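The following comprises the amino acid sequence and a computationally predicted model.
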Amino acid sequence: MTAFLRILVFAVVATGVPTGDAAAQSALDRVRQTGVMRVGIDATYPPFGMAEGGEFSGFDVDIARAIARELKVRAELVNASFDGVFPALQNGSFDVVISAVTITPERQQTLLFSEPYIDAGQGIAVRQDSTITGVDGLSGRTVGVQINTTAQFAMEQRAGVTIQKYNTIDLALLDLRNGRIDAVASDAPVLRYMTTLTFQDLKSVGSDYTDEQFGIVLAKGSDDLRRAVNAALWRVQDSGEYARLYARWFGEAATASAGAGGAAPSAIDLGVIARTWPIFIRGVGLTALMAVTSLVLGLPLGLALALARVQPQKAVSVPAAAYVEFMRGTPLLVQILFIYFVLPVAGVNLPAIFSGILALTMNAAAYICEIIRAGILSIDAGQMEAARSLRMTYWQAMRRIILPQTFRRVVPPLTNEGIALLKDSSLVSVIGLTELARTGQELASRYAAPLTIWPFVALLYLLLTVPLTRMAQYLEDRWRPVTRS
Amino acid sequence: MIEVTDVVKRYGATTVLNRASFRIAEAQLTTILGPSGCGKSTMLRCLNRLERFDDGAITIGDVQVAGGAAGAGSRADEDDLVQRVREKVGIVFQAFNLFPHLTALGNVIEAPMTVKHMPRAQAEEVGRHYLSRVGLAGKESHYPAQLSGGQQQRVSIARALAMEPAVVLFDEPTSALDPRLVRDVAKLLRALDDLKKTLVVVSHDLDFARAISDQVIYFEGGRAVEAGTAAQVFEQPSHAETKAFLDSFNEGANPVGAR
Ligand SMILES: Nc1ncnc2c1ncn2[C@@H]1O[C@H](COP(=O)(O)OP(=O)(O)OP(=O)(O)O)[C@@H](O)[C@H]1O
Ligand SMILES: [Mg+2]
């Protein structure tokens, strides 16, 4: 996935096609005119970025708002996985990314950075009873990192270190606690914050072993916006607001306060559910919306494809077969990324939700096609012959004789497909859609309560499948093939 | 009514019909007899164009069907030909091929409604009529799976009759039935005499053929070896092959028949 994203970014950048409105309008003009600065952030990274439903908090969030205020616009925060934020910035979905991004020469080749807004070296976290005292003790050990971060790059430079990559930092810390890995490498402020507040059985050790600085990221070509952001940043620093924000998130007071979760991390804390259930409902809603829409649209599309494949005219059946082959032969995740990140290069710029639904629909249609086709082929050839011998046309026979028998047979496999769709829809989180699984990810890191959050997420998925299986059962009963009683 | 002239049908290298020629008289019950694998079913399928053939010609009333290149017209021509052939020729399949999702009545009225656009009420009237003709009054709302093999066959016969073809083909109507039912089928076929249909029955059951036939065609090696009235063919076969077939039959354990 990572390699693919790199290629995507490269493709977008290499073609040199200006994306979004950049061609017509400068980035700064666009922000000024709309009055909105769209900020991409991976809000699973306390204390820089945290989210609870639509509510964002953290140092990066405060910086984003302060800068927006200086620019006299509103900051619109969009939560996306760290993997997804850069392609989204490239394709014009965001104006800036403020997400604890380290300024590196490699990133500077494809992206613009503001002046640094915070120094943040790399640190190491280990279990309380660990004998590892710093970065030099990692040789021969397994170290967890968040995917595509500078911590990963740094560990890749060190001999003898086995790297384990995680989507979010709290998953790495959890695995450390569970003993599967020996240490976690990440930005030192984050590790200090997390070990103090939510992972008290872990500790950060050693001094920072790299000097890194975080910058606000912009797409190539947004030079005027960068100048404005830099100026805004200086004003925030000069006015003393920066110092206040720093103290709020990294000072004594921050670590002394109960913090976001405050719960003992290993306990099942139903209080978290009580507090966050409306956010979960939103996640459930999005997941259901995506899955149901894709299923409802995918069914007729899949049926049409199946009919195209079984009818005798090659000019129709071959393209249909090729479509199915293509959609089944490529991962859904890649299809989602393609539609959202690559199509804009060709001028097709769909909002995330439509991109997600489109990808899920097109993918589901291929599988539904094959289910229905198998159903049609399982009907005895004598049925078509009998219908044709009674002078029905091919399509009359299909509609009146073959398909009604097919539908009875394909209800169970189609139910499977519907359930698979429900679960596969979690992949759309990569384009910044906070559906149920991503909601779980967000809240699990926000509250460091994985033992509460994940079983609850599983339960919600289970509840979502119930109406589907109920409906299937109803159809099966209604259409039960008449057999000898 | 039907004239078959030098019909050739090949499946790859094997020639299944080898210059088959015969006539079938109108409003008669003609049986095509012959050993297994001699091409009887294939001949029947050529008669209602479920199968194309490679050479020769078939004439059904005023419809001409040519084999091979001469017969292969455009798709539209072929569709049109198929329609004209099947307007005249219905078929009762060996395995009946009933529509399992429809009731007995539903099976019978489906084609009149979709093909002839008959209103449902009228189609049902026709359907009930033919179901009662084949002795299934009262079974209209049964599904095929709820009917015995013999009853399923009757539904299948009613279904073919409801489209009112001049010719009805029967492929091995006795093969799926137990001996007692064979007699019932024979009676049923004879009871259709007043409809003045041209019936063509493929069988290798000699006793059954004897019980029902007006005319008999003896098939062997993909061609009609002998044809004539039932009396002629059964009592005085003029060809050695026919005689051998009849003899082999008589030698075997005499099956329950209508004799
Ligand atoms: N679709 C096909 N492809 C290849 N060969 C076929 C095909 N259909 C039939 N045949 C061959 O053609 C020959 C005649 O078959 P057909 O079914 O017409 O025989 P039949 O006289 O009806 O025999 P039976 O009395 O056993 O039903 C057989 O040798 C069979 O194997
Ligand atoms: Mg046969």
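Looks like it arrived, so ask away. Numbering: from 1, shown residues only, chains lettered A, B, ... in the order given. Ligands and ions are numbered 1, 2, ... in the order given.

Against B:D194, how distant is the residue of the stretch 251-400 of chain A found nearest ligand 1?
Nearest residue of the stretch 251-400 of chain A to ligand 1 (C-beta to the nearest ligand atom) works out as A:A381 at 10.9 Å. For the C-beta atoms, the positions are set from N, CA and C on the backbone; glycine is no exception. Distance of A:A381 to B:D194, given as C-beta to C-beta, to the nearest Å: 35 Å.

Okay, now the unreliable bits of chain B?
B:69-73, B:249-259 (pLDDT under 70).

ranges for the helices of it?
B:40-47, B:68-71, B:75-88, B:104-114, B:120-133, B:149-162, B:179-191, B:206-212, B:230-235, B:240-251 (DSSP state H).

buried sites along the last one?
It refers to helix B:240-251. B:E241, B:T242, B:F245, B:L246 (16 or more other C-beta atoms under 10 Å in any protein chain shown).

Could you report the neighbour count for A:G375?
21 (other C-beta atoms under 10 Å in any protein chain shown).

Read off the pLDDT value for it.
As predicted, A:G375 sits at a pLDDT of 95.

got the contact list for it?
With contact taken as C-beta atoms under 8 Å, 6 or more residues apart in numbering or on different chains, A:G375 is in contact with A:T406, A:F407, A:R409, A:V410, A:P413.

Dihedrals phi and psi, it?
phi -60, psi -50 (degrees, to the nearest 10).

Same check on A:A43?
Note on A:A43: its backbone torsions stand at phi -90, psi 50 [degrees, to the nearest 10].

thinking again about what came up before, what about the helices of chain B, which gets the closest to chain A?
helix B:104-114 (3.7 Å; C-beta to the nearest C-beta).

and the closest one, C-alpha only, in CSV?
The C-alpha trace of helix B:104-114 is given here as CSV (Å, rounded to 0.1, in the frame of the first residue of the first chain):
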residue,chain,number,x,y,z
ALA,B,104,-48.8,-26.7,-13.3
LEU,B,105,-51.1,-24.0,-14.6
GLY,B,106,-48.3,-21.5,-14.5
ASN,B,107,-46.2,-23.8,-16.7
VAL,B,108,-49.0,-24.1,-19.2
ILE,B,109,-50.0,-20.4,-19.4
GLU,B,110,-46.5,-18.8,-19.4
ALA,B,111,-45.9,-19.0,-23.1
PRO,B,112,-49.4,-18.1,-24.3
MET,B,113,-49.1,-15.0,-22.1
THR,B,114,-45.5,-13.9,-22.9
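
okay, the angle between that helix and helix B:120-133?
130 degrees (axes from the mean of the first three to the mean of the last three C-alpha atoms, to 10 degrees).

what does helix B:104-114 rub up against?
Outside helix B:104-114, the residues touching it (C-beta under 8 Å, 6+ apart) are A:387, A:390-392, A:396, A:400-401, B:98-99, B:102, B:118-120, B:123-124, B:126-128, B:130-131, B:136, B:139-144, B:147, B:151, B:155-156, B:158-159, B:162-163.

Look at the closest residue to chain A within the stretch 151-259 of chain B and say how many residues are nearby.
Nearest to chain A, among the residues of the stretch 151-259 of chain B, is B:M163, at 5.8 Å (C-beta to the nearest C-beta). Number of residues near B:M163 (other C-beta under 10 Å) recorded here: 21.

Surely it touches A:M392?
No: B:M163 is beyond contact range of A:M392, at 10.1 Å (criterion: C-beta atoms under 8 Å).

what do those two both touch?
B:A111, B:V115.

Now A:R38. Its backbone dihedrals?
The phi/psi pair for A:R38 (degrees, to the nearest 10) is phi -90, psi 120.

Surely A:I216 forms part of a strand?
Yes: according to DSSP: H, G, I helix; E, B strand; the rest coil, A:I216 belongs to a strand.

show me the residues around the most centrally placed residue in chain B that make contact.
By C-alpha atoms, centre = their mean, chain B has its centre lying nearest to B:L169, at 1.8 Å. B:L169 sits next to B:L44, B:L47, B:N48, B:V89, B:G90, B:I91, B:V92, B:V200, B:V201, B:V202 when contact means C-beta under 8 Å, 6+ apart.

B:D55 versus that one, what's the distance?
21 Å.

now B:T15
Applying C-beta to C-beta to B:T15 and B:D55 gives a distance of 10 Å.

what's the burial count for A:G240?
9.

coming back round to it: filter the contacts of A:G375 down to just the buried residues.
Applying 16+ other C-beta under 10 Å to the contacts of A:G375 flags A:T406, A:F407, A:R409, A:V410, A:P413 as buried.

Closest one to B:L189 out of those residues, please.
B:L189 lies nearest to A:T406 out of the buried ones among the contacts of A:G375, by C-beta to C-beta, at 34.5 Å.

In this structure the closest one contacts A:I379, no?
Yes: in this structure A:T406 lies within contact range of A:I379 using C-beta under 8 Å: 6.2 Å.

in chain A, which segments are predicted with low confidence?
With pLDDT under 70 as the threshold, chain A has low-confidence stretches at A:1-24, A:252-267, A:481-485.

domains in it, as residue ranges please.
What automatic domain parsing lists as the domains of chain A is A:2-115+A:213-261, A:122-205, A:270-479.

Which among these is found nearest to B:Q28?
Comparing the domains of chain A by C-beta to C-beta, domain A:270-479 comes nearest, at 21.6 Å.

quick one: what helix or strand has A:I163 in it?
Counting by DSSP states H and E, the element that carries A:I163 is strand A:162-166.

What's the first helix or strand after that strand?
Downstream of strand A:162-166 (by DSSP H and E), the next one is helix A:169-177.

so the helix or strand following that following helix versus strand A:162-166, what angle?
For helix A:169-177, the succeeding helix or strand toward the C-terminus, using DSSP H and E, is strand A:183-187. Note on geometry: by the same axes, to 10 degrees, strand A:183-187 and strand A:162-166 are set 60 degrees apart in direction.

Just to check, A:Q335 is in contact with A:T361?
No: applying C-beta under 8 Å, one finds A:Q335 not in contact with A:T361, separated by 10.4 Å.

who's in contact with the residue of the stretch 251-400 of chain A closest to ligand 1?
Neighbour list for A:A381: empty [criterion: C-beta under 8 Å, 6+ apart].

Now it. Its backbone dihedrals?
phi -60, psi -30.

rewinding a little: any chance you could list what contacts the strand holding A:I163?
By C-beta under 8 Å, 6+ apart, strand A:162-166 touches A:141-147, A:152, A:155-156, A:172, A:175, A:180-181.

Return the distance of B:I32 relative to ligand 1.
9 Å (C-beta to the nearest ligand atom, to the nearest Å).

and that residue, bridged to which residues?
Counting by DSSP bridges, B:I32 forms beta bridges with B:V202, B:I217.

wait, what's in contact with it?
By C-beta under 8 Å, 6+ apart, B:I32 lies in contact with B:K40, B:M43, B:L44, B:V200, B:V201, B:V202, B:S203, B:I217, B:F219, B:A224.
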